[in-house]
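In: what would the 3D arrangement of this be:
(one chain, ligands or ions: 1)
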Amino acid sequence: MNFQSASRAQLEAAEAELAQQYQAHQSSGLSLDLTRGKPSTEQVELSSSLDGILAGNYISEEGVDLRNYGGLDGIPGMKRLFAETFSIDVSRILIGGNSSLTLMYQSALFALQFGLGGEGSAWNQESGEVKFICPVPGYDRHFSVCEHLGIKMIPVAMDENGPLMDEVESLIKADPMIKGIWCVPRFSNPTGCVYSDEVVDRIAALAGIAGNNFRVFWDNAYAVHILDDEAKELADVFVSAKKHGTEDSVLIFGSTSKVTFAGAGVAFMAASSSNLAAFKRHLGFSSIGPDKLNQQRHINLLKDATGFKAHMTQHAAILKPRFDIVEKYLIEGLAGSGIASWLKPQGGYFVSFDSEPGLAKQIVAMAADAGVKLTPAGATFPYGHDPKDANIRLAPSYPSLEEIEQAMAIFVVCVKLATVRKMLN
Ligand code: PLP
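Out: Residues are numbered from 1 along each chain as shown. I've put the predicted structure just below:
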């Protein structure tokens, strides 16, 4: 039924029926959770052989004893593995600890406090408030990094091609204190969109407008997390940056958090040689080197880009049925209703759902009352504030197939009931 063109009598009848369904769900006492963008137990099991995989061999290919100190930027084999898998020149790669978020936080902190571009380049030495562009909806922890470091966030909407670049460019032209932009360019969190070639090229060109101190935080967290073999490819941001003479503006991040073990994987960043040199100079004060044994474990498990890809195919086989259930319930329950929209992701970990304006918080609260925990409405926006109160992030990776079925049935009822009630008021 299209709710927008329904008569008042039809809406009243729908309300009565939906209220009954909602009550039935409420009294069934379920406890379901669609909030967590983390791999399921089945997925982490795929990498269980990491434990013990070294079998007493602690010496790297180059003859380095991996049990000892050193190797601030990682071991060559791990750099090669990421370079091959992400099609990045190996000389640009730095291996971190277990978390790419840590590398992003450190990059923002170093750029703010010390500068990544040499003497006098620290953002906080310029007069004015440092600002970042935050494409929305986006990843809440990017926003927390900004909030914690006192960087003001400017939201810019996205469509299926990425951030709206006319707006990004005109904001940057008008304000020299905009020093960065967060990007999740392939299978964005949460919309799942893949930035178009044009958007990638325009982002790479931003430093030409903003100046040398501008940095693109290119968080390619989901680059290899494909659900659909036909998934859109992402253009190479370094190729565009080279063309525009802006290579120092691009910082790429990624990790194996959702490839092997979330929390015990390996992270990397990729950047120009001058950014890497500056980053390492500051990093060296806080670390003598990352966990090289874990890097070697990952090399042994994943081997090369082909091994990496084969491993991700196994993840996809576990994840795809979960996303299919979400899509099935959204289509059967809400397609053509005129009250909801979403994008079908070809990869990543999320489905981004938009209700009618002003209803997201209420839908999340109603779902919670019926036993379904959803990501708090607003979490996908800077300062937790979704001006339209419309976006809800669905994360189906962790629950079982049966739990997702139950949760989605309840979610759809909550969306319809909240909307019908609003229309009747
Ligand atoms: N970046 C994005 C976009 C994410 O969604 C996540 C986790 O959900 C991360 C980074 C975290 O990555 P890591 O575990 O490497 O710190």
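
In: next helix or strand past the biggest strand by length in the chain?
Out: For the chain, the strand reaching the highest residue count under DSSP state E is reported as strand 152-159. Next helix or strand after strand 152-159 toward the C-terminus (DSSP states H and E): strand 162-163.

In: show me what the longest strand of the chain is packed against.
Out: Judged by 3 or more CB pairs under 8 Å, 6 or more residues apart in numbering; DSSP states H and E, the packing partners of strand 152-159 are strand 131-136, helix 140-149, helix 165-174. For glycine as for every other residue, the C-beta is placed from the backbone atoms N, C-alpha and C.

In: identify the residues contacting it?
Out: Strand 152-159 is contacted from outside by 129-137, 143, 146-147, 163-164, 167-168, 171, 178, 188, 191, 193, 381-383, using CB atoms under 8 Å, 6 or more residues apart in numbering.

In: repeat that for 7 Å
Out: Contacts of strand 152-159 with the rest of the structure, by CB atoms under 7 Å, 6 or more residues apart in numbering, involve 129-136, 143, 146, 163-164, 167-168, 171, 178, 191, 193, 381-383.

In: and that strand with strand 131-136, angle?
Out: Angle, strand 152-159 to strand 131-136, by axes from the mean of the first three to the mean of the last three CA atoms, to 10 degrees: 30 degrees.

In: what pairs with strand 152-159, parallel or antiparallel?
Out: With DSSP bridges as the test, strand 152-159 is paired with strand 131-136 (parallel), strand 162-163 (antiparallel).

In: can you give me the buried ones in stretch 282-290?
Out: By neighbour count on 16 or more other CB atoms under 10 Å, the buried set for stretch 282-290 is 282-283, 289-290.

In: return the closest of these with respect to Ile331.
Out: Among the buried residues of stretch 282-290, Pro290 lies closest to Ile331 (CB to CB), at 44.7 Å.

In: OK, contacts around that closest one?
Out: By CB under 7 Å, 6+ apart, the residues touching Pro290 are 74, 95-97.

In: and it, that's in a strand?
Out: No. According to DSSP: H, G, I helix; E, B strand; the rest coil, Pro290 belongs to no strand; its state is coil.

In: show the pLDDT at it.
Out: If you check Pro290, the pLDDT there is 97.

In: how far away is it from Ser47?
Out: Distance of Pro290 to Ser47, given as CB to CB, to the nearest Å: 18 Å.

In: picking up where we left off before, which one of the helices and strands packed on strand 152-159 is the most hemmed in?
Out: Sort the helices and strands packed on strand 152-159 by mean neighbour count, taking mean count of other CB atoms under 10 Å, and strand 131-136 sits at the top with a mean of 24.

In: who's in contact with it?
Out: Under the criterion CB under 7 Å, 6+ apart, residues 142-143, 146, 151-158, 163, 168, 171, 175, 177-183, 380-382 lie in contact with strand 131-136.

In: lowest-confidence helix or strand of the protein?
Out: Lowest by mean pLDDT, DSSP states H and E among the helices and strands of the chain is strand 32-33, with a mean of 93.

In: list the strands paired with that one, with their directions.
Out: Strand 32-33 has these strand partners (DSSP bridges): strand 372-373 (parallel).

In: what's next to the strand it pairs with, contact-wise?
Out: So strand 372-373 is contacted by 32-35, 407, 410-411 (CB under 7 Å, 6+ apart).

In: for the stretch 1-150 of the chain, what lies in contact range of the ligand?
Out: Taking CB under 6 Å from any ligand atom as the contact definition, the stretch 1-150 of the chain meets the ligand at 37, 99-101, 139.

In: re earlier: of the contacts of strand 131-136, select the buried ones using a PyMOL command.
Out: Buried residues within the contacts of strand 131-136, by 16+ other CB under 10 Å, are selected in PyMOL with:
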select buried, resi 142+143+146+151+152+153+154+155+156+158+163+168+171+178+179+180+181+182+183+380+381+382
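
In: hang on, the earlier thing: quick check on the residues of the stretch 1-150 of the chain next to the ligand: which are buried?
Out: Here, 16+ other CB under 10 Å leaves 37, 99-101, 139 buried among those.

In: in helices only, show me those.
Out: Of those, the ones assigned to helices by DSSP state H are 100-101.

In: make a markdown table from the buried ones among the residues of the stretch 1-150 of the chain next to the ligand and add distance to Glu356 to it.
Out: Formatted as a markdown table, these follow (distance: CB to CB, whole Å):
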| residue | distance to Glu356 |
| --- | --- |
| Gly37 | 25 |
| Ser99 | 37 |
| Ser100 | 35 |
| Leu101 | 33 |
| Tyr139 | 24 |
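
In: so which of the contacts of Pro290 sit within helices?
Out: Applying DSSP H to those, no entry is found in helices.

In: make a ChimeraX selection of the buried ones in those.
Out: The following ChimeraX line selects those of the contacts of Pro290 that are buried, judged by 16+ other CB under 10 Å:
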select :74,95,96,97
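
In: as a markdown table, the contacts of Pro290 with pLDDT and distance to Leu401 would be great.
Out: Shown next, in a markdown table, are the contacts of Pro290 (pLDDT from 0 to 100; distance: CB to CB, whole Å):
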| residue | pLDDT | distance to Leu401 |
| --- | --- | --- |
| Gly74 | 98 | 38 |
| Ile95 | 98 | 36 |
| Gly96 | 98 | 34 |
| Gly97 | 97 | 34 |
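
In: just flag the most distant two among the contacts of Pro290.
Out: Checking the contacts of Pro290 with CB to CB, the most distant pair is Gly74 and Gly97, at 10.0 Å.

In: reformat the strands paired with strand 152-159 as JSON lines; add mean pLDDT and distance to Lys416.
Out: Compiled in JSON lines, the strands paired with strand 152-159 are given as follows (pLDDT from 0 to 100; distance: least, CB to CB, whole Å):
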{"stretch": "strand 131-136", "mean pLDDT": "98", "distance to Lys416": "25"}
{"stretch": "strand 162-163", "mean pLDDT": "98", "distance to Lys416": "31"}
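
In: which residues in the stretch 301-425 of the chain form strands?
Out: Here the stretch 301-425 of the chain has its strands, by DSSP state E, counting those that start in this stretch, at 340-342, 351-355, 372-373, 391-394.
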